[in-house]
Each structure stands twice: as C-alpha cells, then as structure tokens.
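Visitor: the sequence and its predicted three-dimensional model are supplied below.
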Amino acid sequence: MIEIKINNVNFLVKKNISILEACKYVGITIPRFCYHETLSVAGNCRMCLVEVENNPKPISSCTRPIENNMAIFVDTPLVKKARENVIETLLLNHPLDCPICDQGGECDLQDQTKIFGSDSSRFFFNKRGVEDKNCGPLIKTIMTRCIHCTRCVRFGTEIAGVDFLGTLNRGTSTEIGSYTIKTFASEISGNVIDLCPVGALTSKPYAFKARPWELKINETVDLTDSSGSNIYVNFKETEIMRILPKNNTEINQSLISDKARFSYDSIKNHRLQKIFIQSQTRSNYFETSNWPAILKHLDFLLFSKTNKKVLFLISEDLDFESITLLKSLKNTFTNNINVKIDQKSTLLVQNTFLSWTKNKFNDLKNDSRYCFLFSSNIRLESAILNAKLRHKVISQTFDVFSFGLNLNSNFPVKFINVNIHNLLKFFEAKTTISSLLLEKEFPLIVIGESLNQRIFGNFNLLALLKKIIPSSIILDVTKSSNSTIFPFFNFSGSATNDFKGTDLIFAINLEDSISVRKNILGCEKQLIWFNTHGSIVSKKSSLLIPVLTSFETENCHINLEERPQKTLKSLNGIGDARDFKKIVKALYSEKINLKQKMPALDFLSEIIEYPNKFKTLSNTFTKETLLTSKYVMNNSFVMNYPLKSSLEDFYRSNLFTKNSKIMAQCSQDVRKNFKNFFID
C-alpha cells in the first residue's frame, strides 16, 4: 500500500494501479468514455483528465500510474474547463437525435454533457455524416453518433476474438468500421451494445420499442446453455423487451451469450396457450378444454385400471424440484411409473458429483498451464467458458489441446486427431502422447457431451481421470441447463425397450428432435404432451397441455460447475399454462405424501440464498470410494463413430431457442456465410 492525496485528503491504496482506479477504490467517480474495466487501456477520449501537483498540464487518469505521495486534484477549475472542452469536441459531429435514440435515458454522453458540458457551442459548420455498417440481425448501427472510444474494437480483438471492427482513416475523417463486408461472427457479439457509451451500437430487436424508465427489472438465470449466466430481464407490462447481463464475478462477469440476450421472443412464438384434447369424432382434430375437465380426464387415464404402466419422458432442461417430485413418484409406484431422459447416453448415470471444492469457473484463475478439450467444441457449447479460456490464453502462458475434434476456435488450439479407442488408450498411458496429460500439474480438462454419447455401460470416465490426475480440474460441458442433477436420481437415457409395455407416455418439455420423432412416432402408445410449444410430434398426442417457461415461474437449476441457482418469475403465464410440478401434485396429491420435506432441495435452496456457502462445500466422493471404484464393467462398450461436436448450430440448441425468430435469422446468416474450410 502507498499513500496518496486526492483533493488534499490522504488515502492508502494499492500499488501498480492507475489514478482512475485509485479514485474508484476510494469512492471518487471520474468521468470516462474509453476506459472499461474488462478492456485494455486506450486513453483516447481524454474525458478522465485530472490535475497532478507539479505537472504543467492535465493528464489522463486512466493511463497514469500512481506514485507514492502523489497529490491529485479531480475538480479544480482547470480540470472542469478541460472536461468542458472535451465534451464540446465530442459534440462537434454528434447528431442532435436524442429523442429518437434507443440509448436515450442511459447514455453516458448525455449524463456527462449535463454535468460538465456548456450551454452553447462555438461550432457553426455542417456536421459530418458516417455510413452505417451491417453487423447482422442483432446489432443496429448509427455510426454518425460514434465518439471513437474504440471499446467495440478492443472487445472484438481481446474478448470475442473476432477482428470485425477497427479504426479507419485519420484526423477528422476517423471512423469505426469493418475491414470487409461481413457480419459480426461471434457468439457474444451482443455485448458491444452494453459497452457502447452512446447510441452508435444498439439492439436491433429492441429498436423503438420502449424507454428505460418504462421498464421493470427482474433478476433471473439464463437456461440456454449449461453456464447458468446471471441476467436482468427488462419487461413492460406482459412482454419482455430486452435481456441484459448481471455482473457476477464467479460465473459470467458482465458477459452473456447472444442466445441468452436475444432468444426471449420465443416466449410468445408458437406457444401453447389453450388445453387441447383429441376429438372423438374427427381424426387429427383437436378441441379446446378446461382444467377441471382435463384433471378429471387425467385421473381417469391414470387410475381407472390397476397396474397401468406410465412412462415420464423428460427433458434435461427440467427443473430440480420437478425431477425430485418424479423421483418420489417412481419410488412410490416402482412397478407402474418409469422416468427416462430424452438422451441416448447412459454415462449420465455413472458420472456423479466429483467435488464441490474444485471444478469451478474460479479454478480457471489458478496456475494451470494446459487445457485438454476432449470432443468439445467449447466455442459453441459454452460461449462464456470459451471467453474465459481465451482470456487465459492471451494473458498468460496457456496451451490448449483438442482431442478428436478440429474446431474453428478464436484462440490457438493444437489439434490431435484420435478416435475413441485411441483416446481411451491415451487415458490409460498406453500411447506416446499420454505424457501430455499425465505429467501436467493442475490440468484443465473439458469433456464434451458427444464423448458421453459414444460410451455405453458402467464406465465412469470422470472418476478415472480424477484417479490418475488428482489435481485435475474437470468440467463436463453439456448443452442443457440441468444435466448435472440427473446422477442424483439414477435416471438413464431412453431406449426402444422403454416404450414396450407402456400404456401411457407423459412427454415433458421435449424438443422436437430426430430421436423424439423416432421413439414417439414409431410407437402406438397414448401420448400426453406437456410443453411450452407445439411441434409435429405433438399432433400425435391425445392431450396438449401448456406449461410455463422459466420466465414465468420460480425453479432451481444447477449449472455445469454444480452451482444451484434459482430463476425468478418475471411474467404471468399465457392462457391456460400452468407449472408442471403443480399439475403433477394435483394428480398424485392423494397417492403420496407431497408435504414431506425434500432434504436435497432444502440444501440447494440454502446455497441459493447464501451463495458464499458454495465456496466452502466439501467433496461428496470420499477418497476411498473414488480410488476403489470400478471404471469398466463387462457390459460396457464404445461406439467407433468419429468424435464431433454435439452442437452444430449455436443459435438453435434447445426447445426455447428453436422457437425464436431472432435465433432463426442468426442461424440463417451463419449458414449463408459458412465456409467448408477454416480460411478467413
């Protein structure tokens, strides 16, 4: 710590920080445009000028490091006049279109002009105009408003890894633009909207829809991938207007993916709003119904005959409490109720929780020098984790190896082409390159979902890796928001034999995928469709029952680092939609004791309420159990298919995003610009 003076008041601050950061830590706000905490220092806006003792001119506080016994003045007449001149210079070519600007009400230039600006301008020439750029279907550009802070340029180069925007020309002809005519091809491109201090880059879907003071704000969690990013939902009356990132230093910092930011329109697209029942007189025709009649009908279907076999076919996005409720039903009606996941892999059953003190996003900040990607296209499967890895690669010595999958990465990756049999030999130290993994300390291991789908039987890959490399940090990346919880309940993936002998199928939040069509359309069983959206498969069902989305109910979800989080209700349900767990409770309330406490849910709820407890949790695997467990049984086998990413289209990864028109436009734009070879 060193001692400095700010406005003749002594403070103790850390070494090796700038004047601006020192002022921020002691509670003094210095205006700025180009400076941002997550980006490198540019020092080109000159708005953060301060006066330092024995310096003849004001200096920029973001570029000048502090010194011992330095005397700083942040509000002298010289500083105020300098800031006034900077504001006047920025407004020389800035258009007077605040009433129609989407940034109005939350514009940094507006705020600083009101505080430090003048009431008149000495400029009487015509303002310069700049041509707008095409950044794709997500980002709207009005480049005449640009003040050349270069935040967007530095974001693309340092965080997104896409050199899309750059500074063109010099002097009064300076402008921000793209070097070539193409779209902003990044999975986190929407974050430049938050970074832009003026209205040059705004949200295209949000354009001209609402003002900030008209919106209500609610906190919740993103469920479009397994990262569990924290977000703010801005809604007006009964419609979501936009989604913004909530700063969480342990998960997503101030970033969210484009799926999390722009897929909210699917909440009203193709939604099931009414209860439909198959007509008894006309084939392929549905009639509307109401809840009293449907509950009575479901009660007749379930309990009119003894020993009726019921199959609950569920999605991996289902919330924790609903799955706990289904587990209670399965334990109560062992011979009558079966619960299966719409997932081919059975590895989910074996890979239970390894540790609650490791395998976290925060572990990426350690001294690890090597990362191993096993059949994982991390850029598509987890855009936030990919941004963290990229930051580690460019900021320190950190090598990344990709096994079995050549991916189009935005940071250097060394590709090693192996099939799954050679990959297993690699784990067993039977190959010449096994030393890459076994001799490293604190290696980061990322396992993709496609690797899980290649192994069947009682094979515990994660426990094997933990045994041979105890210091490893393992992240099992899945595309679903709640896949981590299924090992708790010993739920396995669905198979063809599960549909034999079944009288009734409850399809819960299923995505209209090839496997679902094959299993459901291929069997002649009575189907009850519980979902937020309709699909081709739902036409085969005898009942279509609408349920609530994550924005319309409170549910617990667990992300890939095993962190429980809770979604909060932002909107009321549409039409006759109800929460799925309440429907199940209404059906089985007299059959089982639903008032009993759920220890697992109470435990996770305590962590949700007090997030700091997540850092102090102990291992759920004892050392003896981990080291003596059997990894390969006689009935285990592997599929000799090529290892590839389980997610080919980033923008259409689950049920919710597939019903978004904005995501459909992004997906179409990516396919239009697709190249068969990774050559830019």
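Guide: Yep, it's here.
Visitor: would you map the strands across the stretch 101-250 of the chain?
Guide: Assigned by DSSP state E, counting those that start in this stretch, the strands in the stretch 101-250 of the chain fall at 139-141, 165-168, 175-178, 201-203, 216-221, 230-236, 239-245.
Visitor: who wins for proximity to residue 461 among those strands?
Guide: Closest to residue 461 of those is strand 216-221 (CB to CB; 27.8 Å). C-beta here means a position set from N, CA and C on the backbone, and glycine is covered the same way.
Visitor: buried stuff in the closest one?
Guide: Neighbour-count burial for strand 216-221 flags 218, 220-221 (criterion: 16 or more other CB atoms under 10 Å).
Visitor: follow-up on the earlier one: okay if I get the strands of the stretch 101-250 of the chain as TSV plus distance to residue 436?
Guide: Putting the strands of the stretch 101-250 of the chain into TSV (distance: least, CB to CB, whole Å) gives the following:
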stretch	distance to residue 436
strand 139-141	40
strand 165-168	37
strand 175-178	38
strand 201-203	42
strand 216-221	36
strand 230-236	35
strand 239-245	36
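Visitor: go through those and name the closest to residue 150.
Guide: Across the strands of the stretch 101-250 of the chain, residue 150 has its closest neighbour in strand 165-168 (6.4 Å, CB to CB).
Visitor: chain center to that closest one: distance?
Guide: Computed by CA atoms, centre = their mean, to the nearest Å, the chain-centroid distance of strand 165-168 equals 28 Å.
Visitor: could you list every helix and strand in contact with it?
Guide: Packed against strand 165-168 by the contact rule (3 or more CB pairs under 8 Å, 6 or more residues apart in numbering; DSSP states H and E) you find helix 151-155, strand 175-178.
Visitor: and the contacts of that strand?
Guide: With contact meaning CB atoms under 8 Å, 6 or more residues apart in numbering, strand 165-168 is reached by 148, 150, 152-153, 156, 174-179, 184, 192.
Visitor: can you check which of the helices and strands packed on strand 165-168 gets nearest to residue 554?
Guide: Of all the helices and strands packed on strand 165-168, helix 151-155 sits nearest to residue 554, with 33.6 Å by CB to CB.
Visitor: restrict the closest one to CA atoms and write it as CSV.
Guide: What follows is helix 151-155, C-alpha atoms only, in CSV (Å, rounded to 0.1, in the frame of the first residue of the first chain):
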residue,chain,number,x,y,z
ARG,A,151,-14.5,0.0,-26.9
CYS,A,152,-16.1,-2.1,-29.6
VAL,A,153,-12.8,-2.5,-31.4
ARG,A,154,-11.0,-3.7,-28.2
PHE,A,155,-13.8,-6.0,-27.3
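Visitor: now stretch 191-204: buried residues?
Guide: Neighbour-count burial for stretch 191-204 flags 191-204 (criterion: 16+ other CB under 10 Å).
Visitor: count the residues that sit near residue 422.
Guide: 15 (other CB atoms under 10 Å).
Visitor: over to it: give its phi and psi.
Guide: Here is the backbone geometry of residue 422 (degrees, to the nearest 10): phi -70, psi -30.
Visitor: my guess is residue 17 contacts residue 66. True?
Guide: Yes. Using CB atoms under 8 Å, residue 17 is in contact with residue 66, at 6.2 Å.
Visitor: those two: who's more crowded?
Guide: Taking other CB under 10 Å, residue 17 and residue 66 do not tie; residue 66 has more neighbours (25 against 15).
Visitor: for that one, what are its contacts?
Guide: Residue 66 touches 2, 4, 13, 15, 17-19, 22, counting by CB under 8 Å, 6+ apart.
Visitor: in a strand, residue 529, correct?
Guide: Yes. Counting by DSSP: H, G, I helix; E, B strand; the rest coil, residue 529 is found in a strand.
Visitor: that one and residue 547 touch, don't they?
Guide: No. With contacts defined as CB under 8 Å, residue 529 does not count as touching residue 547, sitting 9.9 Å away.
Visitor: what separation is there between residue 57 and residue 515?
Guide: From residue 57 across to residue 515, the span is 69 Å (CB to CB, to the nearest Å).
Visitor: neighbour-wise, which of the two wins?
Guide: When residue 57 is set against residue 515 and neighbours are counted by other CB under 10 Å, the residue ahead is residue 515, at 14 against 9.
Visitor: what about the more buried one, which helix or strand?
Guide: With secondary structure defined by DSSP states H and E, residue 515 is part of helix 514-521.
Visitor: all helices of the stretch 451-600 of the chain, in order?
Guide: Counting by DSSP state H, counting those that start in this stretch, one finds helices in the stretch 451-600 of the chain at the ranges 461-468, 486-489, 514-521, 580-588, 599-609.
Visitor: who's in contact with residue 527?
Guide: Neighbouring residues of residue 527 by CB under 8 Å, 6+ apart: 505, 507, 520, 540-543.
Visitor: quick check: pLDDT value at residue 637.
Guide: pLDDT recorded at residue 637 is 69.
Visitor: now the helix or strand residue 80 falls within: how far from the chain's centre is it?
Guide: Using DSSP H and E, residue 80 maps to helix 77-90. Relative to its parent chain, helix 77-90 has a centroid offset of 40 Å by CA atoms, centre = their mean.
Visitor: before we move on, what about stretch 427-437?
Guide: Using CA atoms, centre = their mean, the offset of stretch 427-437 from its chain centre is 33 Å.
Visitor: buried residues in it?
Guide: Using 16+ other CB under 10 Å as the test for burial, stretch 427-437 gives 427, 431, 436-437.
Visitor: distance to residue 476, pLDDT and secondary structure added to those residues, as JSON lines?
Guide: Below are the buried residues of stretch 427-437 laid out as JSON lines (distance: CB to CB, whole Å; pLDDT from 0 to 100; DSSP: H, G, I helix; E, B strand; the rest coil):
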{"residue": "427", "distance to residue 476": "15", "pLDDT": "79", "secondary structure": "helix"}
{"residue": "431", "distance to residue 476": "23", "pLDDT": "79", "secondary structure": "coil"}
{"residue": "436", "distance to residue 476": "20", "pLDDT": "79", "secondary structure": "helix"}
{"residue": "437", "distance to residue 476": "16", "pLDDT": "81", "secondary structure": "helix"}
